[in-house]
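*Asks:* turn this into a structure:
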Amino acid sequence: MSATPEQIRADIESTRRELDTDVDALADKVNPGKIMHRQTEKVKNTIGQATGNPVAIGLIAFGVGLLAASLVPASEKEKDLAQTLKDKAQPLVSEVTDAAKTVAGNLKEPAADAASAIKDQATDSVDTVKSESTGAVGDVRDDAERARHAVQD
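*Replies:* Predicted coordinates for the structure are as follows:
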């Protein structure tokens, strides 16, 4: 046997430090706040893509304007003008609806991906911690066994 008890103890301490570092890094990676930040950035990027489409933004703004106008009591003249505008805008309503559905559809996939990624990361992290802990425990047992034999010799 070439390993002295002091060397074995040093190996055990080294293994413990490495395991502590790995567990700390893993805990940082699966921190809910940091996961939320990463997923929020993904959603912001998706919204940025919608922002880059001025036609969709314009159509959505127009639809919001129509909605706001419908909430205020109107005079007869305004009612007549609104009806005329409504008749002329009817084709645009379907475009606004389609644009809104497209934007909503584009946000659903990143949100679902984010939820799936969080679940996968958590599962992988638990598996990694179990695996590394089991391996480290085995290493510590082996080192302790070698130390016991070295002390007995």
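*Asks:* quick check: longest helix of the protein.
*Replies:* helix 76-152 (DSSP state H).
*Asks:* nearest the geometric middle of the protein, what residue?
*Replies:* Centroid-nearest residue in the chain: Gln39, 2.9 Å away (criterion: Cα atoms, centre = their mean).
*Asks:* helix or strand next in line after the host helix or strand of it, which one?
*Replies:* Using DSSP states H and E, Gln39 sits in helix 32-51. Counting by DSSP H and E, the next helix or strand C-terminal to helix 32-51 is helix 54-71.
*Asks:* chain center to that following helix: distance?
*Replies:* Taking the mean of its C-alpha atoms, helix 54-71 sits 31 Å from the chain's own mean (Cα atoms, centre = their mean, to the nearest Å).
*Asks:* any residues touching that helix, and which ones?
*Replies:* Contact with helix 54-71 is made by 50-51, 82, 86, 89, 92-93, 95-97, 99-100, 102-103, as judged by Cβ atoms under 8 Å, 6 or more residues apart in numbering. All C-beta atoms are positioned from the backbone trio N, CA, C, and that covers glycine.
*Asks:* related to what we said a few turns ago, what mean pLDDT does the helix holding Gln39 get?
*Replies:* For helix 32-51, mean pLDDT is 73.
*Asks:* good, we can wrap up now.
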